[in-house]
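> no sequence on this one, just coordinates:
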C-alpha cells in the first residue's frame, strides 16, 4: 500500500500566512519546497513535524521576492546544497537578499513555462501582485494536479483557465473586508491590499473558487490569511457559505481545509 502512495504527489502546506509561507511537494523521485519565508531553524522544525529531513530536499521554487516568501531561501540552499528556481526579474530583486550562492544553484524558471523536475511536471503562471514579476505553480504527476494560487489581487479569466478543475488547491483567503476596513492599518496599506495588485479577500477568493473547482477537485486549502485582518473561523465560514450557495459540492465532493501560520498540514497524497 505504501508503494502506491509513494507513486503519487504528496503535499503539505508547512505554514501559510502574512508572516511566512512555505509548501512541501514530493514524489518518489524529488522533494521540493515552494518558497521559504522562515528562518532555517523554523523550516527544519516544520519539516520534522511531517517526518521529512532538509538534507533530502532537492530544490526551492520561488514565487516572488517578498520577505514572507524568501526569508530562509538563501540559508537553506547554502546549508543543504539546494537548487533555486525563479524567473529572471525575481532573481534580480531577490539575489542581493539571499547571500552568496554557487552559480550552479541558480536556475531561471520563466513565466508560463513547464519544467519537469524529477517525475513532476511543474508549470508557472503569472498573478497580479505588487512584486516585480510574481508567478505561482501547478504540479502534475499521473494526471493528478496540485495548484498554488495566493498573493494576487484578482483572478483573471486566463488564470482561471490555467488552474481549473485541479485535484487540490492552496488558495488565497487573505482578509475579511470588514476587519480590514475597521482595522488599524494606515489607509495607504489598506488600499494596497484591496487593490488589483494586493490580496484576495475571503469573499473574492470564494467567488473565484466557485468558478474553478470541478469534478476532479477533492481538497481546497485556504491560505495566506492575514494575521491582523482575518481569523480562520471567519475565512472558513465565509468561503464555505459562498461555495454552498454556488452549489460547488463543498463538503460533499470536496473538502475545505484551513492552514496555519506556525503548524504544518498533514501530508496528503494525490
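All right, it came through fine. Owing to the predicted nature of the structure, the values given are computational and were not obtained by experimental measurement.

> So for stretch 211-222, first residue to last residue, what's the gap.
With CA to CA, to the nearest Å applied, stretch 211-222 spans 16 Å between its terminal residues.

> For residue 59, give its distance to residue 33.
Remark: distance between residue 59 and residue 33 (CB to CB, to the nearest Å) = 8 Å. Where C-beta positions appear, they are placed from N, C-alpha and C, glycine not excepted.

> Residue 127 now?
If you go by CB to CB, the gap between residue 127 and residue 33 works out to 19 Å.

> So the two - more neighbours on which side?
Between residue 127 and residue 33, counting by other CB atoms under 10 Å, residue 33 is the more crowded of the two (27 against 24).

> buried sites along the longest helix seen in the chain?
Counting residues, the longest helix in the chain under DSSP state H turns out to be helix 232-245. Residues of helix 232-245 classed as buried by neighbour count (16 or more other CB atoms under 10 Å): 234, 235, 236, 238, 239, 240, 242, 243.

> could the residues you listed be laid out in TSV, adding pLDDT and distance to residue 117?
Formatted as TSV, the buried residues of helix 232-245 follow (pLDDT from 0 to 100; distance: CB to CB, whole Å):
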residue	pLDDT	distance to residue 117
234	98	36
235	98	31
236	98	32
238	98	35
239	98	31
240	98	34
242	98	35
243	98	32
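
> If we only consider the residues you listed, which is nearest to residue 215?
Proximity of the buried residues of helix 232-245 to residue 215 (CB to CB) peaks at residue 243, which lies at 15.0 Å.

> How many residues are close by the nearest residue to residue 242 once chain neighbours are set aside?
Leaving out its chain neighbours, the residue that sits closest to residue 242 by CB to CB, 6 or more residues apart in numbering is residue 206, at 3.7 Å. Neighbour count of residue 206, defined by other CB under 10 Å: 27.

> does residue 206 really touch residue 243, like I thought?
Yes. Assessed by CB atoms under 8 Å, residue 206 is found in contact with residue 243 at 6.0 Å.

> The host helix or strand of residue 107: how far from the chain's middle?
Element membership of residue 107 [criterion: DSSP states H and E] is strand 106-108. Centroid separation for strand 106-108 versus its chain: 20 Å, with CA atoms, centre = their mean, to the nearest Å.

> do the same with stretch 109-120
With CA atoms, centre = their mean as the basis, stretch 109-120 stands 16 Å off its chain's centre.

> before we move on, what about stretch 67-85?
Centroid separation for stretch 67-85 versus its chain: 16 Å, with CA atoms, centre = their mean.

> neighbouring contacts of it?
17-22, 33, 35-40, 42-43, 54-55, 57-63, 94, 97-101, 104-109, 115, 151 (CB atoms under 8 Å, 6 or more residues apart in numbering).

> What residues of that stretch count as buried?
Buried, per 16+ other CB under 10 Å, within stretch 67-85: 68-78, 80, 82-85.

> same deal with stretch 180-191?
Going by neighbour count (16+ other CB under 10 Å), the buried part of stretch 180-191 is 180, 185, 190.

> what does stretch 217-237 give?
For stretch 217-237, by 16+ other CB under 10 Å, it's 217-226, 229-230, 234-236.

> And stretch 139-146, by the same measure?
139, 140, 141, 144, 145, 146.

> Can you give me the first-to-last residue distance of that stretch?
Length of stretch 139-146, first residue to last, CA to CA: 5 Å.

> who's in contact with it?
Counting by CB under 8 Å, 6+ apart, residues outside stretch 139-146 touching it are 7-9, 11, 25, 27, 119-123, 138, 147, 166-170, 216, 270.

> Good, wrapping up.
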